[in-house]
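Chemist: sequence below, structure please.
(one chain, ligands or ions: 1)
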Amino acid sequence: MRVTTAFNKLLAIVGASVVSVTFTPEGVVVGLRRRRRRPICPCGWKGRAVYDSSTRRWRHLDLAASKLFLEAEIRRLHCRRCDRVRTEVVPWARPRARHTRDFEDVVAWLCQHTDKTTVTRLLRTSWETVAGIVGRVVAEHLDTRRLENIYRIGVDEVSWRKGHRYLTVVADHDRDGAVIWAGEGRDHTVLEHFYDLLGPDGCAQLQAVSLDMGGAYKTATDNKAGHARQCVDPFHVVKLANEAVDKARRQAWNAERRSNPAVTRPRGRPPAGLTPPPNTPRWVKHTRWALLKDPDALNNNQLAVLDALRRDRSVLYRCWQLKEGLRDLFRLRRPQDAGVHLDWWLAWACRCRIPAFVTLSKTIRANRDRILAAVELGLSNSKLEGLNSKIRLINHRGYGHHSAAALIGMIYLCCGGMTVELPTER
Ligand SMILES: [Zn+2]
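Modeler: Below you'll find the predicted structure:
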C-alpha cells in the first residue's frame, strides 16, 4: 500500500485527499488536495472567482508521539454578501483556526474535565491557544435559542479577580441551573444589558427572578421586568447567617484573648483529635466548623464541641440556634407557615443582644417579602448554590484568567449545559 493511500484511510478527511506525506523535525506534514472547486465564504455564500490563495497548516491530533499537521491550499474570495474579501471555509477546521476541528474538540472536552497544566502538557500547546480554541468552540455550540422561553432565572455575582472584579451570571432554574448568560461587572447596567438581550417579549414572559440582597440587581429587575416576582436566593440568606456566626465567634475569641493574656499560643498545627482546653482563645477558634456545618454533617468531635458550648450557656450556642432557626425557614413542612416562622425569628433575633444578629435581623426584615417569595415559589437553590463555587473552581483551574472574556467562554463551556463530542465517540 502506498503511504498516501494509508494516510487517506487513516485520517479520512472529508472533502480532500492526501497527496503527500513528509517527515519534518516538527512532525508529520500531510499534504491535502481539495475536491471542491468553488470557494465558500464562512457566511455560506458560494464564490465564483478566487481572490488569491496561500498554503496553510493545521495541527491535527497527534500520530503516536509525533505532531501531525495537515497542509492545504486555502483561497480567499470576495464575498458579495459580506461585501469584503474573506478566507474560504474548509470542512476539517473552523474559520480562522490553525487547528483541526477534531483537535479543538479534544481541547474543549479536556477543558470541561481537567485543569490547565494537564491540557497544555498532554496536547503540547500553550494556554493562550487553548483560550482561543475555547472561544471558537463556544461560539459554535452556544445555542442562540437558549434565551427563548425563559420563565425563572437566578442572578448572582462571582468574584473572579482580586481588586473587586466581578462577573454577573444568569442561570435558568428550569434547565437545571445552566448558565444562559454572563457579563463583566456587577452594577445594574450589566443585568439591564441581559434584559435588553431578552427583549420586551422575553422579559414579559419572566415569572420569577432570584437575586442576592444587594440593590443593583433589584434596580435592574425593577426597571426592565417589574412584573416578575423577585425572591432572595435562600443560599444568600444562609450565607449571611453564617457570616454573623463567624463575626460573633471572632468577637468571642478576641474577648477570651483579652481576658486570658497569659495563655501563649503553641506554634504549629495541633495534633489531630486533640481538643484544646475549653474557654481558651484557641478553643474558641476550634469551634468554627462545629458552628458553621450542617448539623447532620457534624463529626463526633464537632458534636462534642457543640455540646460543650450548650452546657456553658455560651453566646456562641445561641448564635448557632439563631442560625439554625433561620435555616429552618427553608425546611418547613408546610411552606404556608413561612411568614409566621420568619416573624417569630425576627422577633427573637432583634432582641438577642448579639450585635451581629441584630444587624442581620434588620437586613432580613428589609427583605422579608422577597425571602418569603422564595419559600412560596420553592425556587430550588441547590443548583445555583454550587454554581458560584464551580465557577471559582474553573477560574482556579486556569490559574486565574487574564480576561473576563476568556473566563466567560470557559463558564459557557463548563456550566452552560454544552455537550462537546469527542472525535472518537462520533
Ligand atoms: Zn460572506
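
Chemist: tell me the contacts of the nearest residue to Ser53 once chain neighbours are set aside?
Modeler: Setting aside the residues directly before and after it, Ser53 is nearest to Arg75 in space (C-beta to C-beta, 6 or more residues apart in numbering), at 4.3 Å. Every C-beta, even on glycine, is put in place using the N, C-alpha and C of the backbone. By C-beta atoms under 8 Å, 6 or more residues apart in numbering, the contact list for Arg75 reads 39, 50-53, 87-88.

Chemist: can I get the residues you listed in a markdown table including pLDDT and secondary structure?
Modeler: Listed next are the contacts of Arg75 as a markdown table, based on pLDDT from 0 to 100; DSSP: H, G, I helix; E, B strand; the rest coil:
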| residue | pLDDT | secondary structure |
| --- | --- | --- |
| Pro39 | 88 | coil |
| Val50 | 86 | coil |
| Tyr51 | 88 | coil |
| Asp52 | 89 | strand |
| Ser53 | 90 | strand |
| Thr87 | 92 | strand |
| Glu88 | 91 | coil |
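
Chemist: which one of those residues sits closest to Met410?
Modeler: For Met410, the closest of these turns out to be Thr87, at 26.8 Å, with distances computed as C-beta to C-beta.

Chemist: which SS class is the residue nearest to Ser53?
Modeler: What DSSP: H, G, I helix; E, B strand; the rest coil gives for Arg75 is strand.

Chemist: also Val19?
Modeler: Assigned by three-state DSSP, the conformation of Val19 is strand.

Chemist: the ion contacts on the stretch 51-200 of the chain?
Modeler: 79, 81-82 (C-beta under 5 Å from the ion).

Chemist: buried members of these into PyMOL, please.
Modeler: Applied in PyMOL, the following selects the buried portion of those according to 16 or more other C-beta atoms under 10 Å:
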select buried, resi 79
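
Chemist: restricted to strands, list the residues of the stretch 51-200 of the chain next to the ion.
Modeler: In strands, defined here by DSSP state E, the members of those are Cys79.

Chemist: and the contacts of the strand or helix carrying Val209?
Modeler: Using DSSP states H and E, Val209 maps to strand 208-211. The list of residues contacting strand 208-211 from outside it, by C-beta under 8 Å, 6+ apart, reads 151-156, 173, 217-218, 221, 225, 228-233, 370, 373-374, 377, 379, 381, 384.

Chemist: quick check, pLDDT for the residue in the stretch 251-400 of the chain that the ion sits nearest to.
Modeler: Nearest residue of the stretch 251-400 of the chain to the ion, counting by C-beta to the ion: Gly398, 33.5 Å away. For Gly398, the pLDDT comes out at 75.

Chemist: pLDDT value on Arg269, please?
Modeler: Per the predicted model, pLDDT is 64 at Arg269.

Chemist: next: Trp160.
Modeler: In the prediction, the pLDDT value recorded for Trp160 is 81.

Chemist: quick one: strands adjacent to whichever strand or helix holds it?
Modeler: Assessed by DSSP H and E, Trp160 sits inside strand 152-161. Each strand paired with strand 152-161, and its direction, by DSSP bridges: strand 165-172 (antiparallel), strand 208-211 (parallel).

Chemist: now tabulate the ones you listed in CSV and tack on mean pLDDT.
Modeler: Supplementary listing: the strands paired with strand 152-161 in CSV, determined by pLDDT from 0 to 100:
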stretch, mean pLDDT
strand 165-172, 88
strand 208-211, 87
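
Chemist: how many other residues sit next to Arg76?
Modeler: By the criterion of other C-beta atoms under 10 Å, Arg76 has 17 neighbours.

Chemist: beta partners of it?
Modeler: For Arg76, the beta-bridge partners under DSSP bridges are Asp52, Thr87.

Chemist: can you tell me how far it is from Ala16?
Modeler: Summarising the geometry, the distance separating Arg76 from Ala16, computed by C-beta to C-beta, to the nearest Å, is 18 Å.

Chemist: so, low pLDDT: which residues of the stretch 251-400 of the chain?
Modeler: 261-283, 380-385 (pLDDT under 70).

Chemist: and the helices in it?
Modeler: Taking DSSP state H, counting those that start in this stretch, the helices of the stretch 251-400 of the chain run over residues 281-286, 288-292, 300-311, 315-327, 338-350, 355-366, 368-377, 382-397.

Chemist: do you know which of those helices lies nearest Leu422?
Modeler: Taking C-beta to C-beta as the criterion, helix 382-397 is the member of the helices of the stretch 251-400 of the chain that comes nearest to Leu422, at 19.5 Å.

Chemist: mind listing what's buried along the next helix or strand after that closest one?
Modeler: Later in the chain than helix 382-397, the nearest helix or strand by DSSP H and E is helix 404-415. Across helix 404-415, burial judged by 16+ other C-beta under 10 Å covers 404, 406-415.

Chemist: and stretch 323-332, by the same measure?
Modeler: Buried positions in stretch 323-332, judged by neighbour count with 16+ other C-beta under 10 Å: 323, 326-327, 329-330.

Chemist: columns distance to the ion on top of the residues you listed, output as a markdown table?
Modeler: Below are the buried residues of stretch 323-332 laid out as a markdown table (distance: C-beta to the ion, whole Å):
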| residue | distance to the ion |
| --- | --- |
| Lys323 | 60 |
| Leu326 | 58 |
| Arg327 | 57 |
| Leu329 | 57 |
| Phe330 | 53 |
